[in-house]
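S.K.: sequence and predicted model, in that order:
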Number of protein chains: 2
Amino acid sequence: MPGLEVVGLSDVAPFDEPAETGATFEENALIKARACFEATGMPSVADDSGLCVDALNGMPGVLSARWSGAGDDANNRLLLTQLADVPDERRGAAFVAAVALVWPGGEIVTMGRMPGRILHAEHGDGGFGYDPIFVADGNTMSNGELSPSDKDAISHRGQALRALAPEIAVALGEP
Amino acid sequence: MPGLEVVGLSDVAPFDEPAETGATFEENALIKARACFEATGMPSVADDSGLCVDALNGMPGVLSARWSGAGDDANNRLLLTQLADVPDERRGAAFVAAVALVWPGGEIVTMGRMPGRILHAEHGDGGFGYDPIFVADGNTMSNGELSPSDKDAISHRGQALRALAPEIAVALGEP
(Lines give C-alpha, C1' and ligand atoms only; values in the text may rest on other atoms or scores of the structure.)
Protein backbone atom coordinates (compact mmCIF):
# COMPACT_ATOMS: atom_id res chain seq x y z
CA MET A 1 0.00 0.00 0.00
CA PRO A 2 1.69 3.27 -1.06
CA GLY A 3 2.47 5.69 1.73
CA LEU A 4 1.94 3.09 4.45
CA GLU A 5 4.88 2.03 6.60
CA VAL A 6 4.51 -1.08 8.75
CA VAL A 7 6.46 -1.17 12.01
CA GLY A 8 6.69 -3.92 14.59
CA LEU A 9 6.58 -3.97 18.37
CA SER A 10 10.37 -3.77 18.46
CA ASP A 11 10.23 -0.46 16.52
CA VAL A 12 8.15 1.41 19.09
CA ALA A 13 8.73 2.42 22.71
CA PRO A 14 8.18 -0.55 25.03
CA PHE A 15 4.81 -0.75 26.80
CA ASP A 16 3.20 -3.21 29.17
CA GLU A 17 1.71 -5.97 27.07
CA PRO A 18 -1.72 -6.92 28.41
CA ALA A 19 -2.69 -10.35 29.76
CA GLU A 20 -4.59 -12.45 27.22
CA THR A 21 -7.63 -12.99 29.40
CA GLY A 22 -10.29 -13.06 26.67
CA ALA A 23 -12.59 -16.04 26.25
CA THR A 24 -12.30 -15.91 22.44
CA PHE A 25 -9.65 -15.30 19.79
CA GLU A 26 -11.49 -12.11 18.78
CA GLU A 27 -11.38 -10.73 22.33
CA ASN A 28 -7.68 -11.47 22.73
CA ALA A 29 -6.77 -9.97 19.35
CA LEU A 30 -8.72 -6.82 20.30
CA ILE A 31 -7.13 -6.67 23.78
CA LYS A 32 -3.68 -6.66 22.17
CA ALA A 33 -4.47 -4.26 19.32
CA ARG A 34 -6.19 -1.82 21.70
CA ALA A 35 -3.22 -1.87 24.08
CA CYS A 36 -0.84 -1.14 21.22
CA PHE A 37 -3.06 1.64 19.88
CA GLU A 38 -3.39 3.24 23.32
CA ALA A 39 0.38 3.08 23.86
CA THR A 40 1.47 4.31 20.44
CA GLY A 41 -1.43 6.27 19.00
CA MET A 42 -0.83 4.45 15.72
CA PRO A 43 -3.30 2.20 13.91
CA SER A 44 -2.49 -1.22 15.36
CA VAL A 45 -2.88 -4.80 14.15
CA ALA A 46 -2.69 -7.82 16.48
CA ASP A 47 -3.58 -11.47 16.10
CA ASP A 48 -4.63 -14.31 18.34
CA SER A 49 -4.86 -17.88 17.18
CA GLY A 50 -4.97 -21.48 18.29
CA LEU A 51 -6.04 -25.03 17.63
CA CYS A 52 -9.68 -26.03 18.17
CA VAL A 53 -10.16 -29.79 18.57
CA ASP A 54 -13.67 -31.18 18.07
CA ALA A 55 -13.26 -33.99 20.63
CA LEU A 56 -12.17 -31.37 23.19
CA ASN A 57 -15.21 -29.15 22.49
CA GLY A 58 -13.02 -26.64 20.66
CA MET A 59 -10.19 -26.57 23.19
CA PRO A 60 -7.23 -25.88 23.56
CA GLY A 61 -8.54 -22.77 21.72
CA VAL A 62 -7.39 -19.57 23.41
CA LEU A 63 -5.29 -21.71 25.77
CA SER A 64 -3.35 -23.39 22.93
CA ALA A 65 0.05 -21.93 23.84
CA ARG A 66 -0.53 -22.72 27.54
CA TRP A 67 -2.23 -26.12 27.26
CA SER A 68 0.39 -28.14 29.16
CA GLY A 69 2.05 -25.17 30.85
CA ALA A 70 5.38 -26.53 29.60
CA GLY A 71 5.90 -25.49 25.98
CA ASP A 72 5.25 -26.79 22.46
CA ASP A 73 6.66 -30.32 22.79
CA ALA A 74 4.76 -30.94 26.00
CA ASN A 75 1.60 -29.47 24.45
CA ASN A 76 1.80 -31.93 21.56
CA ARG A 77 2.42 -34.89 23.86
CA LEU A 78 -0.46 -33.89 26.13
CA LEU A 79 -2.90 -33.50 23.23
CA LEU A 80 -1.93 -36.89 21.78
CA THR A 81 -2.42 -38.45 25.23
CA GLN A 82 -5.83 -36.84 25.68
CA LEU A 83 -6.95 -38.10 22.26
CA ALA A 84 -5.38 -41.57 22.61
CA ASP A 85 -8.76 -43.34 22.70
CA VAL A 86 -10.52 -40.99 20.26
CA PRO A 87 -11.18 -42.78 16.95
CA ASP A 88 -10.25 -41.27 13.57
CA GLU A 89 -13.78 -40.17 12.75
CA ARG A 90 -13.81 -37.90 15.80
CA ARG A 91 -10.30 -36.39 15.43
CA GLY A 92 -11.44 -33.31 13.49
CA ALA A 93 -9.82 -29.98 14.39
CA ALA A 94 -9.14 -26.53 12.98
CA PHE A 95 -6.52 -23.86 13.38
CA VAL A 96 -8.34 -20.56 13.88
CA ALA A 97 -6.95 -17.02 13.81
CA ALA A 98 -8.42 -13.63 14.59
CA VAL A 99 -6.68 -10.45 13.44
CA ALA A 100 -7.78 -7.11 14.88
CA LEU A 101 -7.21 -3.60 13.56
CA VAL A 102 -7.74 -0.71 15.97
CA TRP A 103 -7.43 2.82 14.60
CA PRO A 104 -8.87 6.25 15.50
CA GLY A 105 -11.97 5.51 13.43
CA GLY A 106 -12.90 2.16 14.95
CA GLU A 107 -12.13 -1.53 15.26
CA ILE A 108 -12.27 -4.44 12.81
CA VAL A 109 -11.66 -8.15 13.40
CA THR A 110 -11.23 -10.69 10.60
CA MET A 111 -11.03 -14.46 10.97
CA GLY A 112 -9.27 -17.34 9.25
CA ARG A 113 -9.80 -21.07 9.62
CA MET A 114 -7.79 -24.11 8.46
CA PRO A 115 -9.78 -27.34 8.99
CA GLY A 116 -8.11 -30.73 9.32
CA ARG A 117 -7.54 -33.49 11.83
CA ILE A 118 -5.23 -34.59 14.62
CA LEU A 119 -2.73 -37.36 13.83
CA HIS A 120 -1.74 -40.17 16.24
CA ALA A 121 1.92 -39.10 16.45
CA GLU A 122 4.20 -36.21 15.50
CA HIS A 123 5.26 -35.97 11.86
CA GLY A 124 7.92 -33.54 10.61
CA ASP A 125 9.85 -30.90 12.44
CA GLY A 126 8.89 -27.81 10.45
CA GLY A 127 6.45 -25.11 11.52
CA PHE A 128 5.84 -24.62 15.23
CA GLY A 129 3.30 -25.37 17.92
CA TYR A 130 0.86 -28.10 16.97
CA ASP A 131 1.98 -28.29 13.31
CA PRO A 132 3.56 -31.78 13.61
CA ILE A 133 0.33 -33.42 14.82
CA PHE A 134 -2.09 -31.65 12.44
CA VAL A 135 -2.89 -32.47 8.82
CA ALA A 136 -4.99 -29.96 6.89
CA ASP A 137 -7.96 -31.12 4.83
CA GLY A 138 -6.80 -32.05 1.33
CA ASN A 139 -3.23 -32.73 2.47
CA THR A 140 -1.48 -36.01 3.21
CA MET A 141 1.49 -34.41 4.99
CA SER A 142 1.31 -32.79 8.42
CA ASN A 143 1.76 -29.04 8.71
CA GLY A 144 5.15 -29.85 10.23
CA GLU A 145 6.15 -31.42 6.90
CA LEU A 146 4.96 -28.56 4.69
CA SER A 147 7.27 -25.89 3.28
CA PRO A 148 6.71 -22.45 4.82
CA SER A 149 5.18 -21.16 1.57
CA ASP A 150 2.83 -24.15 1.23
CA LYS A 151 1.70 -23.63 4.81
CA ASP A 152 1.25 -19.87 4.38
CA ALA A 153 -0.96 -20.45 1.35
CA ILE A 154 -3.56 -22.31 3.42
CA SER A 155 -2.94 -21.03 6.93
CA HIS A 156 -5.59 -19.56 9.19
CA ARG A 157 -3.39 -16.54 9.88
CA GLY A 158 -2.78 -15.93 6.18
CA GLN A 159 -6.53 -16.06 5.52
CA ALA A 160 -7.28 -13.60 8.30
CA LEU A 161 -4.58 -11.17 7.17
CA ARG A 162 -5.68 -11.33 3.54
CA ALA A 163 -9.24 -10.58 4.66
CA LEU A 164 -8.00 -7.63 6.70
CA ALA A 165 -5.86 -6.03 3.97
CA PRO A 166 -8.69 -4.35 2.02
CA GLU A 167 -10.26 -3.22 5.31
CA ILE A 168 -7.01 -1.54 6.27
CA ALA A 169 -7.00 0.34 2.98
CA VAL A 170 -10.54 1.60 3.58
CA ALA A 171 -10.00 2.32 7.28
CA LEU A 172 -6.89 4.36 6.70
CA GLY A 173 -8.39 6.27 3.78
CA GLU A 174 -6.44 4.74 0.93
CA PRO A 175 -8.37 4.31 -2.30
CA MET B 1 -35.88 -53.18 47.53
CA PRO B 2 -37.15 -56.57 48.79
CA GLY B 3 -35.99 -59.56 46.79
CA LEU B 4 -33.28 -57.68 44.98
CA GLU B 5 -29.66 -58.62 45.54
CA VAL B 6 -26.97 -56.24 44.34
CA VAL B 7 -23.65 -57.74 43.28
CA GLY B 8 -20.49 -56.02 42.07
CA LEU B 9 -18.06 -56.70 39.26
CA SER B 10 -15.89 -58.70 41.63
CA ASP B 11 -18.83 -61.06 42.31
CA VAL B 12 -19.26 -62.21 38.70
CA ALA B 13 -17.03 -64.07 36.26
CA PRO B 14 -14.41 -61.72 34.79
CA PHE B 15 -15.13 -60.31 31.31
CA ASP B 16 -13.33 -57.89 29.01
CA GLU B 17 -14.24 -54.41 30.12
CA PRO B 18 -14.93 -52.22 27.08
CA ALA B 19 -12.95 -49.10 26.13
CA GLU B 20 -14.71 -45.89 27.16
CA THR B 21 -14.79 -44.39 23.69
CA GLY B 22 -18.09 -42.50 23.94
CA ALA B 23 -18.28 -38.78 23.33
CA THR B 24 -20.66 -38.27 26.28
CA PHE B 25 -21.15 -39.54 29.82
CA GLU B 26 -24.42 -41.18 28.71
CA GLU B 27 -22.69 -43.10 25.92
CA ASN B 28 -19.92 -44.34 28.20
CA ALA B 29 -22.32 -45.39 30.96
CA LEU B 30 -24.35 -47.33 28.39
CA ILE B 31 -21.22 -48.92 26.87
CA LYS B 32 -20.26 -50.24 30.30
CA ALA B 33 -23.75 -51.36 31.38
CA ARG B 34 -24.36 -53.11 28.02
CA ALA B 35 -21.03 -54.95 28.26
CA CYS B 36 -21.90 -56.15 31.75
CA PHE B 37 -25.40 -57.20 30.73
CA GLU B 38 -24.09 -59.09 27.69
CA ALA B 39 -21.47 -60.85 29.81
CA THR B 40 -23.67 -61.74 32.77
CA GLY B 41 -27.25 -61.75 31.50
CA MET B 42 -28.17 -59.82 34.66
CA PRO B 43 -29.74 -56.37 34.80
CA SER B 44 -26.66 -54.12 34.96
CA VAL B 45 -25.96 -50.63 36.29
CA ALA B 46 -22.86 -48.61 35.31
CA ASP B 47 -21.87 -44.99 35.74
CA ASP B 48 -19.65 -42.50 33.97
CA SER B 49 -18.83 -39.12 35.37
CA GLY B 50 -16.44 -36.21 35.20
CA LEU B 51 -15.78 -32.53 35.70
CA CYS B 52 -17.06 -30.03 33.12
CA VAL B 53 -15.28 -26.67 33.26
CA ASP B 54 -16.98 -23.69 31.62
CA ALA B 55 -13.72 -22.01 30.56
CA LEU B 56 -12.67 -25.27 28.89
CA ASN B 57 -15.97 -25.57 26.96
CA GLY B 58 -17.10 -28.39 29.24
CA MET B 59 -13.83 -30.34 29.23
CA PRO B 60 -12.18 -32.41 30.75
CA GLY B 61 -15.65 -34.07 30.61
CA VAL B 62 -15.41 -37.70 29.50
CA LEU B 63 -11.61 -37.35 29.58
CA SER B 64 -11.54 -36.30 33.27
CA ALA B 65 -9.65 -39.35 34.52
CA ARG B 66 -7.19 -39.15 31.62
CA TRP B 67 -6.72 -35.37 31.36
CA SER B 68 -2.99 -35.29 32.08
CA GLY B 69 -2.34 -38.95 31.36
CA ALA B 70 -0.57 -39.13 34.72
CA GLY B 71 -3.13 -39.56 37.50
CA ASP B 72 -5.18 -37.43 39.90
CA ASP B 73 -2.43 -35.16 41.27
CA ALA B 74 -1.15 -34.36 37.80
CA ASN B 75 -4.72 -33.79 36.58
CA ASN B 76 -5.31 -31.21 39.31
CA ARG B 77 -2.02 -29.44 38.63
CA LEU B 78 -2.71 -29.35 34.89
CA LEU B 79 -6.21 -27.94 35.33
CA LEU B 80 -4.96 -25.22 37.70
CA THR B 81 -2.23 -24.34 35.17
CA GLN B 82 -4.70 -24.15 32.29
CA LEU B 83 -6.98 -21.87 34.31
CA ALA B 84 -4.18 -19.73 35.77
CA ASP B 85 -5.25 -16.60 33.85
CA VAL B 86 -8.98 -17.28 34.03
CA PRO B 87 -10.67 -14.78 36.37
CA ASP B 88 -13.06 -15.85 39.15
CA GLU B 89 -16.19 -14.92 37.22
CA ARG B 90 -15.28 -17.45 34.53
CA ARG B 91 -14.23 -20.36 36.78
CA GLY B 92 -17.65 -22.05 36.84
CA ALA B 93 -17.72 -25.83 36.58
CA ALA B 94 -19.90 -28.83 37.37
CA PHE B 95 -19.40 -32.46 38.25
CA VAL B 96 -21.72 -34.50 36.03
CA ALA B 97 -22.66 -38.18 36.30
CA ALA B 98 -24.64 -40.51 34.08
CA VAL B 99 -25.92 -43.83 35.43
CA ALA B 100 -27.21 -46.44 32.99
CA LEU B 101 -29.44 -49.46 33.65
CA VAL B 102 -29.56 -52.16 30.98
CA TRP B 103 -31.98 -55.04 31.47
CA PRO B 104 -33.86 -57.45 29.20
CA GLY B 105 -36.68 -54.93 28.80
CA GLY B 106 -34.63 -51.93 27.74
CA GLU B 107 -32.20 -49.19 28.76
CA ILE B 108 -32.48 -46.17 31.03
CA VAL B 109 -29.96 -43.41 31.74
CA THR B 110 -30.31 -40.89 34.57
CA MET B 111 -28.15 -37.83 35.17
CA GLY B 112 -26.85 -35.88 38.16
CA ARG B 113 -25.11 -32.50 38.29
CA MET B 114 -23.25 -30.66 41.06
CA PRO B 115 -22.50 -27.05 40.02
CA GLY B 116 -19.68 -25.03 41.54
CA ARG B 117 -16.37 -23.44 40.63
CA ILE B 118 -12.67 -24.18 40.33
CA LEU B 119 -10.38 -22.87 43.08
CA HIS B 120 -6.89 -21.42 42.53
CA ALA B 121 -5.12 -24.14 44.55
CA GLU B 122 -5.80 -27.50 46.16
CA HIS B 123 -7.69 -27.50 49.48
CA GLY B 124 -8.13 -30.59 51.65
CA ASP B 125 -7.08 -34.15 51.05
CA GLY B 126 -10.43 -35.92 51.27
CA GLY B 127 -12.45 -37.25 48.35
CA PHE B 128 -10.61 -38.12 45.15
CA GLY B 129 -9.98 -36.81 41.66
CA TYR B 130 -10.70 -33.11 41.29
CA ASP B 131 -12.36 -32.76 44.73
CA PRO B 132 -9.56 -30.60 46.26
CA ILE B 133 -9.87 -27.88 43.59
CA PHE B 134 -13.69 -27.76 43.39
CA VAL B 135 -16.12 -25.96 45.67
CA ALA B 136 -19.82 -26.70 45.20
CA ASP B 137 -22.34 -23.86 45.00
CA GLY B 138 -23.51 -22.93 48.49
CA ASN B 139 -20.36 -24.28 50.13
CA THR B 140 -17.26 -22.49 51.37
CA MET B 141 -15.14 -25.63 51.71
CA SER B 142 -13.78 -27.62 48.78
CA ASN B 143 -15.14 -31.10 48.12
CA GLY B 144 -11.77 -32.33 49.38
CA GLU B 145 -12.62 -30.81 52.77
CA LEU B 146 -16.15 -32.25 53.06
CA SER B 147 -17.00 -35.35 55.06
CA PRO B 148 -18.00 -38.32 52.89
CA SER B 149 -21.62 -38.03 54.00
CA ASP B 150 -21.77 -34.28 53.30
CA LYS B 151 -20.34 -34.89 49.85
CA ASP B 152 -22.69 -37.81 49.11
CA ALA B 153 -25.68 -35.64 50.00
CA ILE B 154 -24.95 -33.22 47.16
CA SER B 155 -22.91 -35.31 44.74
CA HIS B 156 -23.69 -35.73 41.06
CA ARG B 157 -23.39 -39.53 41.40
CA GLY B 158 -25.77 -39.59 44.37
CA GLN B 159 -28.32 -37.55 42.42
CA ALA B 160 -28.11 -39.84 39.41
CA LEU B 161 -28.45 -42.98 41.53
CA ARG B 162 -31.39 -41.58 43.49
CA ALA B 163 -33.08 -40.74 40.17
CA LEU B 164 -32.46 -44.26 38.92
CA ALA B 165 -33.77 -46.10 42.00
CA PRO B 166 -37.51 -45.79 41.22
CA GLU B 167 -36.80 -46.63 37.57
CA ILE B 168 -35.10 -49.83 38.67
CA ALA B 169 -38.15 -50.78 40.69
CA VAL B 170 -40.43 -50.28 37.68
CA ALA B 171 -38.02 -51.90 35.21
CA LEU B 172 -37.60 -55.00 37.29
CA GLY B 173 -41.28 -55.32 38.04
CA GLU B 174 -41.30 -54.33 41.70
CA PRO B 175 -44.33 -52.40 42.84
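M.R.: Structure received. Keep in mind that this is a model prediction, so the values were computed, not measured.
S.K.: in chain A, which spans are helices?
M.R.: Taking DSSP state H, the helices of chain A run over residues A:25-40, A:72-82, A:148-154, A:156-171.
S.K.: so which of those helices is nearest B:Phe128?
M.R.: Proximity to B:Phe128 (CB to CB) singles out helix A:72-82 among these, at 20.1 Å. For glycine as for every other residue, the C-beta is placed from the backbone atoms N, C-alpha and C.
S.K.: give me every residue that touches the residue minimising distance to the centre of chain A.
M.R.: Nearest to the mean C-alpha position of chain A, counting by CA atoms, centre = their mean, stands A:Ser49 at 2.5 Å. By CB atoms under 8 Å, 6 or more residues apart in numbering or on different chains, the residues touching A:Ser49 are A:Phe25, A:Ser64, A:Phe95, A:Val96, A:Ala97, A:Ala98, A:His156, A:Arg157, A:Ala160.
S.K.: from those residues, which two are the most distant?
M.R.: Checking the contacts of A:Ser49 with CB to CB, the most distant pair is A:Ser64 and A:Ala160, at 15.3 Å.
S.K.: which strand residues bridge A:Asp47?
M.R.: A:Val99 (DSSP bridges).
S.K.: what's the neighbour count on A:Ala74?
M.R.: 12 (other CB atoms under 10 Å in any protein chain shown).
S.K.: what distance do you get for the closest residue in space to A:Ala35 that isn't next to it in sequence to B:Trp67?
M.R.: Nearest residue to A:Ala35, sequence neighbours excluded (CB to CB, 6 or more residues apart in numbering or on different chains): A:Pro18, at 4.5 Å. Using CB to CB, to the nearest Å, we find A:Pro18 at a distance of 29 Å from B:Trp67.
S.K.: how about A:Val86?
M.R.: Distance of A:Val86 to B:Trp67, computed by CB to CB: 13 Å.
S.K.: what parts of chain A come near chain B?
M.R.: A:19-21, A:23, A:55-59, A:61, A:63, A:66-69, A:78, A:81-82, A:84-87, A:90 (CB under 8 Å from any CB of the partner chain).
S.K.: ok, 10 Å please
M.R.: A:19-23, A:52-63, A:66-70, A:77-78, A:80-87, A:90 (CB under 10 Å from any CB of the partner chain).
S.K.: out of these, which are buried?
M.R.: Buried by 16 or more other CB atoms under 10 Å in any protein chain shown: A:20, A:22, A:52-63, A:66-69, A:78, A:80-83, A:86, out of the residues of chain A next to chain B.
S.K.: re the thing from before, let me have the helices of chain A in CSV, extended by mean pLDDT.
M.R.: Shown next, in CSV, are the helices of chain A (pLDDT from 0 to 100):
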stretch, mean pLDDT
helix A:25-40, 97
helix A:72-82, 97
helix A:148-154, 91
helix A:156-171, 91
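S.K.: between the ones you listed, which gets nearest to B:Ser10?
M.R.: So among the helices of chain A, helix A:72-82 is nearest, using CB to CB, at 29.2 Å.
S.K.: contacts for the closest one next, please.
M.R.: A:51, A:53, A:55-56, A:59-60, A:63-70, A:93, A:118-122, A:127-134, A:144, B:59-60, B:63, B:66-70, B:78 (CB atoms under 10 Å, 6 or more residues apart in numbering or on different chains).
S.K.: contacts for stretch A:160-175 next, please.
M.R.: A:1-4, A:6, A:25, A:29, A:43, A:45, A:47-49, A:96-113, A:152, A:155.
S.K.: only the buried subset of these, as a PyMOL command please.
M.R.: Buried members of those can be picked out in PyMOL with the line below, counting by 16+ other CB under 10 Å:
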select buried, chain A and resi 25+29+43+45+47+48+49+96+97+98+99+100+101+102+103+108+109+110+111+112+155
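S.K.: follow-up on the earlier one: nearest to B:Asn139 among the contacts of A:Ser49?
M.R.: A:Ser64 (32.8 Å).
S.K.: wait, the closest one sits on A:Phe95?
M.R.: Yes: the pair A:Ser64 and A:Phe95 qualifies as a contact (CB atoms under 10 Å) at a distance of 8.9 Å.
S.K.: joint contacts of the two?
M.R.: By CB under 10 Å, 6+ apart, the residues touching both A:Ser64 and A:Phe95 are A:Ser49, A:Gly50, A:Leu51, A:Cys52, A:Gly129, A:Tyr130.
S.K.: quick check: the farthest pair among the residues you listed?
M.R.: Most distant of these, by CB to CB, are A:Cys52 and A:Gly129, 13.1 Å apart.
S.K.: where do the contact lists of those two overlap?
M.R.: Residues touching both A:Cys52 and A:Gly129 (CB under 10 Å, 6+ apart): A:Ser64, A:Phe95.
S.K.: which stretches of chain A have low pLDDT?
M.R.: Confidence mapping of chain A against pLDDT under 70 gives the ranges A:1-2, A:174-175.
S.K.: before we move on, the earlier item: neighbour count winner among A:Ser64 and A:Phe95?
M.R.: Set side by side, A:Ser64 and A:Phe95 show more neighbours around A:Phe95, with 25 against 22, by other CB under 10 Å.
S.K.: quick revisit: could the helices of chain A be laid out in a markdown table, adding distance to B:Pro14?
M.R.: What follows is these, written out as a markdown table (distance: least, CB to CB, whole Å):
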| stretch | distance to B:Pro14 |
| --- | --- |
| helix A:25-40 | 49 |
| helix A:72-82 | 28 |
| helix A:148-154 | 50 |
| helix A:156-171 | 49 |
